[in-house]
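Undergrad: Can you look at this prediction? I've put the sequence above it.
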Amino acid sequence: MLEDLDKLRRQQIIRICMLVVLDSLLAGVFIWLWPKIIGEQHTTLVIALDCLTIAIIGAITTVFTIKMMFRPARVLTQAILHVASEHSNIPAPDLTKIHIGKKALTELVGKIYDMASSSNTLKGADATSIQQLRDLSDKLPMPVIIFDSQDNIVFVDQMAEDYVGLHASQMVGAVFWDIFKLSFSSDLTLDAWVKECRTNKAVDHAMWQRVRLPDSKNPAVFKQFDLAAYFNKDNPFGNEVIVSLFDRTDSYARDDLDLSFVALAVHELRTPITIMRGYIEVFEDELMDKLDDDHKRFMRNLKVSAESLGGFINNILNVARIENNQLELHLTETTWPEVVNQAIVDMNLKAAITNVHIEAKLALDLPHVGVDRVSIYEVLTNLLDNAIKYSPAGSVITVSSAVNDTFVETTVTDTGIGIPDSLMPHLFDKFYRSHRSRSQVGGTGLGLYLCKKIVKAHDGELWVKSKENQGSTFGFKIHTWDSLAAERKEGDNGNISRGAHGWIKNHSLYRG
Amino acid sequence: MGEDRKLKILCIEDEHFISELYSRALEKAGYEVKVVLDGEEGLAAALTDEFDIILLDLMVPGITGFELLDRLKESGKKLKARIIITTNLQQADEDRAKLEDQADGYIIKAEITPHELVALLQNVIPNHAGPSAAGPAL
């Protein structure tokens, strides 16, 4: 290239020199003709000398001018060629020899070097980093998948190939979500997080537990893993999202088995607690008027405790059902005040111990709702139980219901200690109990988790508002029966009322 | 159904405390209750067709509640009794379908107290024979 430039330069010099020579010849002819026009004589030697002088001066001027004109181009070309990797033997241009426009040229060459160095980093790092990543991820016992801002997979490691059972060539270039049909146990899913990151974040990372990936051939079989994701917006290599999976299929399966075992064990508690409640009922019937006030109070405490134990057992069993996707809801047309009042009556006994009063404020025009009575009753008793736990003695808990569009919205409001803002995000987590509640009040930490799941299974919403030291309001929305018309199944024609825990032909379900 | 004839209930239940609680509450409500502890005995008693209501625990010694229902069906005998399953188990869907076909009701024992059982049975077959000891119907 430099040679081409030099050749071009030489050609230009020769062309201009020839022009100069032609020019000086013309000048000679002109000088020779001049005396004939004006009548004076020059010697031929003088004419020749004149011509020669003009030619030599012209040629020298031309050579220097052209050289000077070509210098910046030559320097820049040499600089570019110097940094271009395929011409690495070409030396850097000597900037000290530039005489005209030295500052500007030096800056330009500097710019070329800058660009070259960043593009070299890019190119070199691209190749090396992919190789390094491949080496590293092939050594790590975990699948790694990388996709770009268009959701197209740009990299999968050996483990990912084995894990999914597809060759890299089948995955690279494909849309991540088409290959990885993940299901999450949390509300925030990977795709929601990526979407969120793309609008609001430059760099972020997140982790999920108990993510499932169904087998491509048999959807009933699935792998379970924890998933870590790293987001880097506008990553120069297109590696926008890096996903790594930690396989936990076996240990989660074992956990599920453990949960099944706990559920089985807890199940065994149902018979004795049923019997205790039965005998307490007999005592109430037959002994109450023979007891003095103290004994009556003991009796009541015994009953409340038995009811609480029954509640815990139900919560644990229901959580086990939810975890195993076995919670079945049978929605029936239900008069909502019946359920609410039943729950209030049942919880009043417990509330009375601390002299807490439960008040119902139900709108008179409430439409029928479509609920699974058994489980929605548990939502109400859990929310009431919670409110009682955190209510000061002598206070009032208010249960309100009103129609809201195609929903009936119910709130349980207490004037208790309230919930600090910092605890709000974890309130509905499994086994979650506020730090103060650990020492002050009992509970399995399953109640609110269960409420949320049950309400969600009803396609409703559960929410909480709270101010520390002023009390809390838990509210939930459930569909009116009419708004469920499209979902109503043929066959449940009213002769059989189904419930999650029982049914009787030709008669409405006995209770909650 | 005569005004003075007590309705007869067969309670097939091996858990002694449960059967005691049920029979006590039901007797106070004016029913006549016979308790049997295992499936074979329960089947024999059921086939006498002298009962108005049969409370059948699915998990009893001898033959299970499911088998008992099958054997009743095989016998070809049309009983007058309403059969109510009592259990603490959640049934799988296919079992539920079977029970729906062969029984008249299904109760989770842990979900109801003896009072509630009485109220429930009053609903199934109103009992005019004795004073009701049942609490308010739910």
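TA: All right, it came through fine. Model, not experiment: these values are computed from the prediction.

Undergrad: Could I get the buried residue list for stretch A:195-212?
TA: A:197, A:204, A:208, A:210, A:211 (16 or more other C-beta atoms under 10 Å in any protein chain shown). (Glycine included, C-beta is placed from N, CA and C.)

Undergrad: distance between that stretch and the chain's centre?
TA: From the chain centre to the centre of stretch A:195-212 is a distance of 3 Å (C-alpha atoms, centre = their mean, to the nearest Å).

Undergrad: Nearest residue to the middle of chain A?
TA: The centroid of chain A falls nearest to residue A:193 when counting by C-alpha atoms, centre = their mean (1.5 Å).

Undergrad: Which helix or strand contains that residue?
TA: helix A:190-200 (DSSP states H and E).

Undergrad: quick one: contacts of the very next helix or strand once past that helix?
TA: Per DSSP H and E, the first helix or strand lying C-terminal to helix A:190-200 is strand A:203-214. Contacts to strand A:203-214, defined as C-beta atoms under 8 Å, 6 or more residues apart in numbering or on different chains, come from residues A:164, A:180-186, A:188, A:190, A:193, A:197, A:220-233, A:245, A:248, A:252.

Undergrad: Identify each of the strands in the chain and give its residue range.
TA: If you meant another chain, say so; for now it's chain A. A:144-147, A:153-156, A:203-214, A:222-232, A:241-247, A:332-334, A:357-362, A:369-371, A:396-404, A:407-413, A:461-467, A:471-479, A:502-504 (DSSP state E).

Undergrad: The chain in question should be chain B.
TA: B:8-12, B:32-36, B:53-57, B:82-87, B:105-108.

Undergrad: for the last one, what is the average pLDDT?
TA: Taken as a whole, strand B:105-108 has an average pLDDT of 83.

Undergrad: In terms of secondary structure, what does it contact?
TA: strand A:502-504, strand B:82-87, helix B:93-102, helix B:114-124 (3 or more C-beta pairs under 8 Å, 6 or more residues apart in numbering or on different chains; DSSP states H and E).

Undergrad: can I get the ones you listed in TSV with mean neighbour count and distance to residue A:156?
TA: Conversion of the helices and strands packed on strand B:105-108 to TSV gives the following (neighbours: other C-beta atoms under 10 Å in any protein chain shown; distance: least, C-beta to C-beta, whole Å):
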stretch	mean neighbour count	distance to residue A:156
strand A:502-504	23	51
strand B:82-87	22	51
helix B:93-102	14	40
helix B:114-124	22	59
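
Undergrad: List just the one of the ones you listed that sits closest to residue A:25.
TA: Across those, residue A:25 has its closest neighbour in helix B:93-102 (113.0 Å, C-beta to C-beta).

Undergrad: counting contacts, what elements does the closest one pack onto?
TA: Against helix B:93-102 (3+ C-beta pairs under 8 Å, 6+ apart) you get helix B:65-75, strand B:105-108.

Undergrad: any idea how far it is from the chain center?
TA: Taking C-alpha atoms, centre = their mean, the mean C-alpha location of helix B:93-102 is offset from the chain mean by 17 Å.

Undergrad: Low-confidence ranges, the chain, go.
TA: I'll assume chain A. A:1, A:38-42, A:85-88, A:116-130, A:186-187, A:324-326, A:430-445, A:486-512 (pLDDT under 70).

Undergrad: I was after chain B.
TA: B:1-4, B:89-94, B:126-138.

Undergrad: Which residues of it lie near chain A?
TA: Taking C-beta under 8 Å from any C-beta of the partner chain as the contact definition, chain B meets chain A at B:15, B:17-18, B:21, B:24-25, B:84, B:88, B:90, B:100, B:104-116, B:119-120, B:123-124, B:133, B:138.

Undergrad: how about the helices of chain A, start to end?
TA: Counting by DSSP state H, one finds helices in chain A at the ranges A:2-38, A:44-83, A:102-139, A:158-164, A:168-171, A:176-179, A:190-200, A:249-287, A:293-323, A:336-353, A:373-389, A:435-440, A:447-457.

Undergrad: Select, out of those helices, the one closest to chain B.
TA: For chain B, the closest of those is helix A:249-287, at 3.8 Å, according to C-beta to the nearest C-beta.

Undergrad: what's the closest one packed up against?
TA: Partner elements for helix A:249-287 (3+ C-beta pairs under 8 Å, 6+ apart): strand A:222-232, helix A:293-323, helix B:16-28, helix B:114-124.

Undergrad: the domain parsing of chain A - what is it?
TA: Under the assignment automatic domain parsing, the domains of chain A span A:2-116, A:140-247, A:251-326, A:327-512.

Undergrad: list the buried ones in stretch A:255-269?
TA: A:263, A:266, A:267, A:269.
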